[in-house]
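[1] Got a predicted structure here, sequence first:
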Amino acid sequence: MPSYLVFALVSGALYGIGGPLINSSIRCGLDARSLCFLCGTGFFLIGIGVDIFIPAQRSMPFFALTIAHLLGLAVGIVMGLAFATSILAFADPKSLFSIVTLAISSAPLVSLFLGALLYAEGRHFDLRLLFLGALLLVAGVYLISLSKITR
């Protein structure tokens, strides 16, 4: 199995574990603000660990300001905002874990469409089937959200 696929599967599993951990932290009394801070601290520590233990793949000086560095910073900001809004969704007292988790799972659809547009990966797909599949996924999440029984 190619290493990129192994990393992708591990990433998916870790994201899957993250949702219940967020929800459990909130149910144990941690507020969203503190959880965002602790998650940011965890990301920072992982970044230091990666920098120390994984050899650099390119010989680009870390402090040289380049477009690549700015894009890396943008990734951190976008992913941080995504994680923070996920925490806020789980922290809402009216939210249900299963519905929030399904709604958050729309992220791959956005990435897939952006990949098709930005990197010309659309030529590898039948775009009609891609859009139909995406529509069915969104419809499924919506139907599941409607299935909530109120008592």
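    Perfect, I can see it now.
[2] hmm, who's touching the helix or strand hosting Cys36?
    In this structure, Cys36 sits in helix 32-53 according to DSSP states H and E. Contacts to helix 32-53, defined as C-beta atoms under 8 Å, 6 or more residues apart in numbering, come from residues 22, 25-26, 30, 76, 80, 83-84, 87-88, 91. Where C-beta positions appear, they are placed from N, C-alpha and C, glycine not excepted.
[3] and if we set it to 7 Å?
    22, 25-26, 80, 83-84, 87-88, 91 (C-beta atoms under 7 Å, 6 or more residues apart in numbering).
[4] got the residue ranges for the helices in this structure?
    With DSSP state H as the criterion, the chain has helices at 3-27, 32-53, 67-91, 97-104, 107-118, 127-146.
[5] So which of those is the most surrounded?
    Of all those, helix 97-104 carries the top mean neighbour count, a mean of 17, counting by mean count of other C-beta atoms under 10 Å.
[6] elements contacting that helix?
    Helix 97-104 is packed against helix 67-91, helix 127-146, with contacts defined by 3 or more C-beta pairs under 7 Å, 6 or more residues apart in numbering; DSSP states H and E.
[7] can we see that at 10 Å?
    Applying 3 or more C-beta pairs under 10 Å, 6 or more residues apart in numbering; DSSP states H and E, one finds that helix 97-104 contacts helix 3-27, helix 67-91, helix 127-146.
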